[in-house]
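**Student:** below: sequence and its predicted model.
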There are 2 protein chains.
Amino acid sequence: MVDNPDDPRFASRRAFLRSGLVASGAAALGGSLPARAETVGNPANLPPNVPDWSRFLGEGVGVRAYGKPSQHEANVIRRDVEWLTASRESSVSFTPLHELDGPITPNGLCFERHHGGIAEVNPTDYRLMLHGLVEKPLIFTLDDIKRMPRVNRAYFCECAANSGMEWRGAQLNGCQFTHGMIHSVMYTGVPLKILLEQAGVKPNAKWLLLEGGDAAAMTRSLPLQKALEDTLVAYRMNGEMLRPENGYPVRMVVPGWEANMWVKWIRRIEVGDQPWHHREETSKYTDLLEGGKARRFTYVMDAKSVITNPSPQAPLNHKRGFTVLAGLAWSGRGKVQRVDVSLDGGRNWQAARLDGPVWDKALTRFYYEFDWDGRELLLQSRAMDETGYVQPTKAELRQVRGVNSIYHNNGIQTWHVRSSGEVENVEVS
Amino acid sequence: MVDNPDDPRFASRRAFLRSGLVASGAAALGGSLPARAETVGNPANLPPNVPDWSRFLGEGVGVRAYGKPSQHEANVIRRDVEWLTASRESSVSFTPLHELDGPITPNGLCFERHHGGIAEVNPTDYRLMLHGLVEKPLIFTLDDIKRMPRVNRAYFCECAANSGMEWRGAQLNGCQFTHGMIHSVMYTGVPLKILLEQAGVKPNAKWLLLEGGDAAAMTRSLPLQKALEDTLVAYRMNGEMLRPENGYPVRMVVPGWEANMWVKWIRRIEVGDQPWHHREETSKYTDLLEGGKARRFTYVMDAKSVITNPSPQAPLNHKRGFTVLAGLAWSGRGKVQRVDVSLDGGRNWQAARLDGPVWDKALTRFYYEFDWDGRELLLQSRAMDETGYVQPTKAELRQVRGVNSIYHNNGIQTWHVRSSGEVENVEVS
């Protein structure tokens, strides 16, 4: 940066705002423009003149048969929280939401949770059995599944325990940890309905059992209605085959419902007339209320949002001026209709700008551009979905659900931005 | 597979078609259903019973901070053609279209072309200079660019030379090589218009010079009108920062126009009143016609399509029965409106099913499901865009452009499917 005002490359903020074109550009986008760019006195001043990468031949193509990120992005990784789970074989990795943008999560950074390690499935030996209350029990190979009619749909996949540690107050310092148990990719898969139609579902069928091929044999009961509606037997994410930790070669995609239902390495689907009451739908993935009662089969992930930038891991590096606030919103009940943003802890709200595709049950990107005067901020976002449902405050949520649950916390998150630009996870009452 | 009809798991094709539900499912999707799934006599028959991956704990999460594909997908890679270019530092890698599905290309497999190797740019030292016919020449850091209002848009990026070797007849045996110089990702970037407005474009400005920071200093002239319309200064693909070979940290995105214009590692934008006539728009990237005249500034990539499966690298593995034909269509002039498919070399055409998002100037996925009787096929696809433009045959194209050019071949491709399921690249007259 050029800090000397005598240098011809120096630009003051005031000089910027004087330009008529700048003002009109700003108006079109609802705010003033960034002011950190330097002016150039003479093109020869281009710092750092001709850089090394222009002076020497780069590496050739041969070594990049499958590409990877720049070495300068080595910090953009999934992270786990070691104390959160009992072992590495039953653990979770969090998506670095603060390092991403747009509505698509890149495959290498998709959050994943596993209960018996990451199964290493040989696609040649892979089989999916469909049996129970069906006319004709069937076994499908991977080739069988790939030969069926398929669809491409972007959906978010969110762990029911996402934000779970926030039930009792602000705990984790970064949206990667408070909200990073979510990803959203373009899935390719066969509607489960098509498999069920081949087997011929009997009239008394009401429920399905989904069983994973991992060492934990992850097992959940799925209502037949959801299976026929939009559930997919998926094998691709963002165009390529699923990653091992995301269920290679085949997983369930249960749009809008908690990720635990999205059984990975799917091995067996049994058709029955009632739920199975397995561990993952009794001891776990139920919501313990005050008084000892628990809500069960709370599948749907309600509307939720989070500001990804700024956030505790991504502070503001400029002291004041034009600022882009970025975030994500989603709803398990349909499309995001609107996102509001507050800079003062929920007293005043402004509509955010939704940008890029607004898909059904998928992550939706929002932005809010404003001129930061350097004062402290209490940032909040609030999603509303197409059913009219509005994301509640944490206080509203606790009033109904208490603080014993670890699942289905979709309360409004607050980030405290200091004058220094540093950000921390706080709660406002 | 179970081939013995006495085995209870054996299912004949006829048995399948007898099911009423199968028939209704098939009707809903416009064809009969796959018939290779085995029936199960007894759930205990699940082959190969309990597989290894269910019996042993898998690997924990720690080692997968940045995920990668399964070892069983090691064949799904970009490939180059060694004899195509003079050196590895000026080369190209092709996207394995036949191994992908959906409308999004995963970042690790995005086609890329470079002329001076892959520049290794340090993001801290990165600068973008904007000068020439502007009120105020400016230099932007990466932080400056990241602080500006941004948009998320999926666009295809196709080399003008894609399918170039097919001008004089069927040459390369696989859609990876005939059509793989294309990718389509969700870009995040700042409209170039916003940068230009900050600098203040002078009234006599008409053209821009885009210069890359690589050793080749890739340089192209861009009409100001396109710069103001939809050109992006992009830094992300599918959510994460650009990959080095795709221009890390900042590249141009020039929607619908030939990829050579999408200058990578963008270092300098100069505003002028006429084009610069650089090497890449005179000696190269011009279309030599019969008689010696050349078309110049042929930026737009016209509507085009290709059947990705089956194709020479992806033969049909079943001898007959339900078959899903998959392909991609795109147009540099807008959205794909319709894709037709022919099984008999262009005599008869049927409408394909477009699936997933149909974005402006992006790859669009299409399918055509049919019952293959095992006879030889001559597969073709034909795209039509929203302007009404219809993809021409190669013969029609040659009539107008001759066979001297290597650029802008958007002619209809033909795959010959043998009874064995093998596929080869052919031409029909």
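**Tutor:** The structure has been received and is ready for your questions.
**Student:** name the residues of the helix or strand where residue A:340 lies that are buried.
**Tutor:** Here residue A:340, judged by DSSP states H and E, is contained in strand A:336-342. Applying a neighbour-count criterion of 16 or more other Cβ atoms under 10 Å in any protein chain shown, one finds A:336-337, A:339-342 buried in strand A:336-342. Quick note: C-beta positions are derived from backbone N, CA and C, even for glycine.
**Student:** what lies in contact with it?
**Tutor:** Residues from elsewhere that reach strand A:336-342 (Cβ atoms under 8 Å, 6 or more residues apart in numbering or on different chains): A:303, A:305, A:307, A:325, A:327, A:329-330, A:348-352, A:354, A:358, A:364, A:366, A:368, A:378-386.
**Student:** who in the stretch 201-350 of chain A is up against chain B?
**Tutor:** Applying Cβ under 8 Å from any Cβ of the partner chain, we find that the stretch 201-350 of chain A lies next to chain B at A:201, A:213-215, A:217, A:236, A:238-241, A:243-246, A:248-249, A:265, A:267-268, A:270, A:317-318, A:322-324.
**Student:** picking that back up, which one of the buried residues of strand A:336-342 sits closest to residue B:164?
**Tutor:** Nearest to residue B:164, judged by Cβ to Cβ, of the buried residues of strand A:336-342 is residue A:336 at 43.1 Å.
**Student:** what are the bridge partners for the closest one, then?
**Tutor:** Note on residue A:336: beta-bridge partners by DSSP bridges are residue A:385.
**Student:** next, count neighbours for the residue lying closest to residue A:356 once chain neighbours are set aside.
**Tutor:** Spatially, and ignoring its direct neighbours in sequence, residue A:356 is nearest to residue B:152 (3.4 Å; Cβ to Cβ, 6 or more residues apart in numbering or on different chains). As a burial measure, residue B:152 scores 21 neighbours (other Cβ atoms under 10 Å in any protein chain shown).
**Student:** burial of residue A:381, as a residue count?
**Tutor:** By the criterion of other Cβ under 10 Å, residue A:381 has 26 neighbours.
**Student:** so what pairs up with the closest residue to it other than its chain neighbours in the strands?
**Tutor:** Using Cβ to Cβ, 6+ apart and skipping residues adjacent in sequence, the residue nearest residue A:381 is residue A:305, 4.4 Å away. Per DSSP bridges, the residues bridged to residue A:305 are residue A:329.
**Student:** which residues touch residue A:305?
**Tutor:** Residue A:305 sits next to A:327-330, A:336, A:339, A:366, A:381-383, A:391, A:412-413 when contact means Cβ under 8 Å, 6+ apart.
**Student:** can I get those residues in a markdown table including pLDDT?
**Tutor:** Listed next are those as a markdown table, based on pLDDT from 0 to 100:
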| residue | pLDDT |
| --- | --- |
| A:327 | 98 |
| A:328 | 98 |
| A:329 | 98 |
| A:330 | 98 |
| A:336 | 98 |
| A:339 | 98 |
| A:366 | 98 |
| A:381 | 98 |
| A:382 | 98 |
| A:383 | 98 |
| A:391 | 98 |
| A:412 | 98 |
| A:413 | 97 |
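**Student:** with distance to residue B:52 added, can I get the residues you listed in JSON lines?
**Tutor:** Output for the contacts of residue A:305, formatted as JSON lines (distance: Cβ to Cβ, whole Å):
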{"residue": "A:327", "distance to residue B:52": "43"}
{"residue": "A:328", "distance to residue B:52": "38"}
{"residue": "A:329", "distance to residue B:52": "42"}
{"residue": "A:330", "distance to residue B:52": "37"}
{"residue": "A:336", "distance to residue B:52": "42"}
{"residue": "A:339", "distance to residue B:52": "46"}
{"residue": "A:366", "distance to residue B:52": "45"}
{"residue": "A:381", "distance to residue B:52": "46"}
{"residue": "A:382", "distance to residue B:52": "48"}
{"residue": "A:383", "distance to residue B:52": "43"}
{"residue": "A:391", "distance to residue B:52": "44"}
{"residue": "A:412", "distance to residue B:52": "46"}
{"residue": "A:413", "distance to residue B:52": "42"}
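**Student:** among these, which pair sits farthest apart?
**Tutor:** Spatially, the most separated pair among these is A:336 and A:413, at 15.9 Å (Cβ to Cβ).
**Student:** returning to what we had before: and the pLDDT for the residue nearest to residue A:381?
**Tutor:** In this model, residue A:305 is scored at 98, pLDDT.
**Student:** for residue A:57, same thing?
**Tutor:** With respect to pLDDT, residue A:57 has a value of 83.
**Student:** I'd assumed residue B:215 was in contact with it.
**Tutor:** Yes. Counting by Cβ atoms under 8 Å, residue A:57 touches residue B:215, with 4.8 Å between them.
**Student:** okay, and the common contacts of the two?
**Tutor:** Common contacts of residue A:57 and residue B:215 (Cβ under 8 Å, 6+ apart): B:89, B:116-117.
**Student:** just for chain A, where's the confidence low?
**Tutor:** A:1-49, A:61-63 (pLDDT under 70).
**Student:** how does it divide into domains?
**Tutor:** With domains defined by automatic domain parsing, chain A comprises A:1-48, A:97-295, A:304-426.
**Student:** quick one: which of these is nearest residue A:85?
**Tutor:** For the domains of chain A, the distance to residue A:85 is smallest for domain A:97-295, at 8.8 Å, taking Cβ to Cβ.
**Student:** that closest one: end-to-end distance?
**Tutor:** For domain A:97-295, the first-to-last residue distance is 30 Å (Cα to Cα, to the nearest Å).
**Student:** going along the chain, name the helices of the stretch 301-429 of chain A.
**Tutor:** Taking DSSP state H, counting those that start in this stretch, the helices of the stretch 301-429 of chain A run over residues A:394-401.
**Student:** re the thing from before, ChimeraX command to pick out the buried ones of the contacts of strand A:336-342?
**Tutor:** The buried subset of these, as determined by 16+ other Cβ under 10 Å, is captured in ChimeraX by this line:
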select /A:303,305,307,325,327,329,330,352,354,358,364,366,368,378,379,380,381,382,383,384,385
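**Student:** quick one: which of the contacts of strand A:336-342 sit in strands?
**Tutor:** Residues of the contacts of strand A:336-342 located in strands (DSSP state E): A:305, A:307, A:325, A:327, A:329-330, A:350-351, A:354, A:364, A:366, A:368, A:378-385.
**Student:** residue ranges for the strands of the stretch 201-350 of chain A, please.
**Tutor:** Ranges of strands in the stretch 201-350 of chain A, per DSSP state E, counting those that start in this stretch, are A:207-212, A:219-223, A:232-237, A:240-241, A:251-253, A:266-272, A:287-288, A:294-295, A:304-309, A:321-330, A:336-342, A:350-351.
**Student:** in CSV, list those along with distance to residue B:221.
**Tutor:** Below are the strands of the stretch 201-350 of chain A laid out as CSV (distance: least, Cβ to Cβ, whole Å):
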stretch, distance to residue B:221
strand A:207-212, 56
strand A:219-223, 57
strand A:232-237, 39
strand A:240-241, 36
strand A:251-253, 46
strand A:266-272, 53
strand A:287-288, 61
strand A:294-295, 63
strand A:304-309, 35
strand A:321-330, 31
strand A:336-342, 40
strand A:350-351, 40
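**Student:** quick one: which of those strands is nearest residue A:166?
**Tutor:** Taking these one by one with Cβ to Cβ, strand A:304-309 is closest: 10.7 Å.
**Student:** so what secondary structure elements neighbour the helix or strand hosting residue A:152?
**Tutor:** Per DSSP H and E, residue A:152 falls inside strand A:151-158. The contact analysis (3 or more Cβ pairs under 8 Å, 6 or more residues apart in numbering or on different chains; DSSP states H and E) places strand A:151-158 against strand A:182-191, strand A:251-253.
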